[in-house]
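In: Quick check, what structure comes out for this input:
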Amino acid sequence: DEKDEEFWRQQKVLIREMSGATERAIRAEQKQKFAIRRNALVSDTAFIGFFIFCSLWSVFDNPFVAFSYAFGASLGLAYAYGLGKYVES
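Out: Residues are numbered from 1 along each chain as shown. Prediction:
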């Protein structure tokens, strides 16, 4: 009877260890996937913003239109990056 109790106690400890390791591995994988998506979002936003800036620069006579857009787009880009880092943590 003593051996059975010891056996089941060891099994419970083993299950806790294995489930904890599995959860940590899954969390690390999900964190890595999220970081890749966050970086893709930021780089795509910067890429598209650059082309919109170039379009505004060539269409409007006043260069401040393009600079104003670039300023707003950079603030939006910084916000998206910061929000992604906040959500990741």
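
In: next one: phi and psi at Asp61?
Out: Phi and psi for Asp61, reported as degrees, to the nearest 10, are phi -70, psi -30.

In: helices and strands around the lengthiest helix in the chain, which ones?
Out: With secondary structure taken from DSSP state H, the chain has its longest helix at helix 2-59. On a contact count with 3 or more C-beta pairs under 8 Å, 6 or more residues apart in numbering; DSSP states H and E, helix 2-59 meets helix 63-88. Just so you know, the C-beta spots here come from the backbone N, C-alpha and C atoms, and that holds for glycine as well.

In: in the helix it packs on, what's buried?
Out: Ala66, Tyr69, Ala70, Ala73, Leu77, Tyr81, Gly84 (16 or more other C-beta atoms under 10 Å).

In: coming back round to it: relative to helix 63-88, how tilted is the longest helix of the chain?
Out: Helix 2-59 runs at 180 degrees relative to helix 63-88, counting by axes from the mean of the first three to the mean of the last three C-alpha atoms, to 10 degrees.

In: Just the mean pLDDT for helix 2-59, thanks.
Out: Here helix 2-59 scores 90 as its mean pLDDT.
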